[in-house]
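[1] only geometry, no sequence info:
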């Protein structure tokens with residue numbers, strides 16, 4: 001199962017959740033496949049991933065969730081485009097691609 005969201009969607013969802021509301025985000029969400037395994041409750045949320053990336057100086061453009069992996073696109077503190085793959089259980093960065101071209 002693949003879920004895609006932009007930073008704006010993640011912030012809106014986080015804001016609603018902080019206010020005690022319930023929200024369903026359907027924009028850019030792909031249909032679930034019958035064989036998709038449920039994601040464990042101990043995985044990092046979009047807000048957790050955003051906080052972790054911001055702490056590392058990453059400005060997020062897009063986060064894509066695929067089961068236990070999160071793919072993050074954005075820019076680092078030097079303005080380079082970065083693409084990261086994270087393990088949603090541990091937060092460990094499994095791969096990092098950096099393009100030297102600035103914003």
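    Cool, the structure landed. No experiment lies behind these values; they were computed from the predicted model shown.
[2] show me where pLDDT drops low in the chain?
    Using pLDDT under 70 as the threshold, the predicted model of the chain has low-confidence ranges 1-40, 101-103.
[3] who does the strand ranked longest in the chain pair with, and is each partner parallel or antiparallel?
    In the chain, with assignment by DSSP state E, the single longest strand is strand 93-102. The strands that strand 93-102 pairs with in its sheet are strand 80-87 (antiparallel) (by DSSP bridges).
[4] just the buried positions in the strand it pairs with, please.
    81-82, 84-86 (16 or more other C-beta atoms under 10 Å). Every C-beta, even on glycine, is put in place using the N, C-alpha and C of the backbone.
[5] tell me the one of those residues nearest residue 100?
    Checking the buried residues of strand 80-87 against residue 100 by C-beta to C-beta gives residue 81 as the nearest, at 8.6 Å.
[6] on that earlier part again, tabulate the buried residues of strand 80-87 (JSON lines), appending distance to residue 67.
    JSON lines is the format used below for the buried residues of strand 80-87 (distance: C-beta to C-beta, whole Å):
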{"residue": "81", "distance to residue 67": "25"}
{"residue": "82", "distance to residue 67": "22"}
{"residue": "84", "distance to residue 67": "16"}
{"residue": "85", "distance to residue 67": "12"}
{"residue": "86", "distance to residue 67": "12"}
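[7] hmm, which two among the residues you listed are most spread apart?
    Between all members of those, the longest pairwise span (C-beta to C-beta) is found for 81 and 86 and amounts to 16.8 Å.
[8] of all the buried residues of strand 80-87, which comes closest to residue 99?
    residue 81 (4.3 Å).
[9] looks like the closest one contacts residue 60 (just checking).
    No. Applying C-beta atoms under 8 Å, one finds residue 81 not in contact with residue 60, separated by 11.9 Å.
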